[in-house]
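Trainee: Show me the folded form of this:
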Amino acid sequence: MTTAVYINRMSDEGYERVEAAIRLEPTDRVPVVPTLLAEAAAGLTGTLQGDMVSDNTLLIDTLFKLFDEYGGWDAICPGFSLPIQMQVTGGFPMKMRVSGQDLAPDIPTQLDEQEILQVEDYDKITEIGFDAFYREDYLWRVTKATSDEATDCMAQLMSADALFTECCRKRNISRLPAGNGVHPFFALSLMRSMVPFTQDIYYNPEPVERAIQRMTDDLIAAKIEEMKSWETNIWLLTEERAGGYFFSPKMFERFWWPYTKKIVEAMWEHGVVTMFHLDTCWDKNLAYFKELPRGSTVLEVDGTTDLALAKEILNDHACLKGDVPAALLALGSPDEVASYCKEKIDIVGAGGGYILSTGCCVPPNVKPENFRAMIDTAKNYRGKGR
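Mentor: Below you'll find the model as predicted:
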């Protein structure tokens, strides 16, 4: 592995704790990094969802207001993109119904999965690359934005990123993750929609494989270059459908694992750690991750994957992150949240290699006292034997 140089690296105690966990080293306590996004930020502050997803500055101010109000945590998730910005950048490559525009202002934004990508588009992606295909063709099938509006929203996103960075600097904290991307397999599934995409990989697999290969190569090149400009060396790769909950090992080994291994190993060669966002149950797939270099990955799971099993299989090989369930944060009591967190700290945090976090993300109807219980438990409970 080569050592890359990353600019503007902030030296803060919380992120040093996160880095130690990723290196699989013991820490004074388990780090805590909740995935706090616009929906929960609105819920915790009594702000209308429609207002929160229409103003980057309001969203960023609210995220840091909550960070300060709850005493801070070890690193902050850069969840400041608005729905239209996620659509334009490809983070949400699908139609959507936006709070305050297509939905009532008190209803969270919804993703509207439809069969937009067509079979012939696989070859287009292979020929010209995913970014060109998305920017020149596909985006205009799903967005309501005009070309000028798309350009403006990207300029707003860049300004928002600068504001977010400045807010981090004032508090001497770091973002986790830095860069991000959607796994090629997952992106195609969202764009084609679940059932047609599954039919494609069973009955017409070759065009899909060619597209995934091209997307993988392009993703690696783009993210290696992008990560040179970030202050940290951890990026997020989102995948929510490739695991054993949906697909057999045979399909996983053909359409997901070889490309994933190629991505992780290429990023690791440049000193970059890949943090997976793995929703749904991955129990049947955990052992595959032992094939990746030790310390090169973080597995962020959502409460359906068995974290104790993940610890057993991946102990001292890959860092784990999660997984306080949304239902517990929304419906449980502070004592129940604290008990759950302590159990994870005792079992998964033993010996290091664990970051306490939410299962997927903080829900919009989280109880404030439950959110505080999660943060405070991580900061004050050292775990058995510590």
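
Trainee: okay, now D316: neighbour count?
Mentor: Neighbour count for D316, taken as other CB atoms under 10 Å: 11. In short, each C-beta sits where N, CA and C put it, glycine included.

Trainee: actually H277, sorry about that
Mentor: By other CB under 10 Å, the residues close to H277 number 24.

Trainee: pLDDT below threshold where in the stretch 1-150 of the chain?
Mentor: For the stretch 1-150 of the chain, the stretches with pLDDT under 70 are 1-11.

Trainee: repeat that with 90
Mentor: Scanning the stretch 1-150 of the chain for pLDDT under 90 picks out 1-12.

Trainee: residue boundaries of the strands in it?
Mentor: Using DSSP state E, counting those that start in this stretch, the strands of the stretch 1-150 of the chain run over 95-97, 110-112.

Trainee: most tightly surrounded among the ones you listed?
Mentor: Neighbour counts (mean count of other CB atoms under 10 Å) averaged over each of the strands of the stretch 1-150 of the chain peak at strand 95-97, with a mean of 17.

Trainee: list the helices and strands it packs on?
Mentor: On a contact count with 3 or more CB pairs under 8 Å, 6 or more residues apart in numbering; DSSP states H and E, strand 95-97 meets strand 110-112.

Trainee: and the strand it packs on, what does it pack onto?
Mentor: Counting contacts by 3+ CB pairs under 8 Å, 6+ apart, strand 110-112 packs against strand 95-97.

Trainee: So what touches the strand it packs on?
Mentor: Identification of contacts with strand 95-97 by CB atoms under 8 Å, 6 or more residues apart in numbering yields 83, 87, 102-103, 109-114, 116, 142.

Trainee: want to throw the strands of the stretch 1-150 of the chain into TSV with distance to Y354?
Mentor: Listed next are the strands of the stretch 1-150 of the chain as TSV, based on distance: least, CB to CB, whole Å:
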stretch	distance to Y354
strand 95-97	34
strand 110-112	30
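
Trainee: Between these, which one is closest to M191.
Mentor: Taking CB to CB, strand 95-97 is the member of those nearest to M191, at 10.4 Å.

Trainee: picking up where we left off before, and D346, which of the strands of the stretch 1-150 of the chain is closest to it?
Mentor: strand 110-112 (36.2 Å).

Trainee: secondary structure element for L236?
Mentor: strand 234-239 (DSSP states H and E).

Trainee: List the neighbouring strands of that strand plus their orientation.
Mentor: strand 180-182 (parallel), strand 273-278 (parallel) (DSSP bridges).

Trainee: Give me the number of neighbouring residues for the nearest residue to S81 once chain neighbours are set aside.
Mentor: Nearest residue to S81, sequence neighbours excluded (CB to CB, 6 or more residues apart in numbering): L157, at 6.4 Å. L157 has 19 neighbouring residues, counting by other CB under 10 Å.

Trainee: Where does C281 sit: helix, strand or coil?
Mentor: coil (DSSP: H, G, I helix; E, B strand; the rest coil).

Trainee: Now do the same contact list for it.
Mentor: C281 neighbours (CB under 8 Å, 6+ apart): 243-245, 304-306.

Trainee: F67 too?
Mentor: Applying CB under 8 Å, 6+ apart to F67 gives the contacts 73, 76, 171, 173.

Trainee: rerun that using 10 Å as the cut-off
Mentor: With contact taken as CB atoms under 10 Å, 6 or more residues apart in numbering, F67 is in contact with 34, 36, 73, 76, 167-168, 171, 173, 375.

Trainee: Now, of those, which are buried?
Mentor: 34, 36, 73, 76, 167-168, 173, 375 (16 or more other CB atoms under 10 Å).

Trainee: Would you reformat those residues as TSV and include distance to D323?
Mentor: Rendered in TSV, the data for those read as follows (distance: CB to CB, whole Å):
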residue	distance to D323
P34	11
L36	15
W73	16
I76	19
C167	27
C168	25
I173	23
I375	15
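
Trainee: Looking at the residues you listed, which are in helices?
Mentor: If you go by DSSP state H, those have 167-168, 375 in helices.

Trainee: With pLDDT and distance to G46 as new columns, can these be given to me in a markdown table?
Mentor: Converted to a markdown table, those look like this (pLDDT from 0 to 100; distance: CB to CB, whole Å):
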| residue | pLDDT | distance to G46 |
| --- | --- | --- |
| C167 | 98 | 21 |
| C168 | 97 | 25 |
| I375 | 99 | 19 |
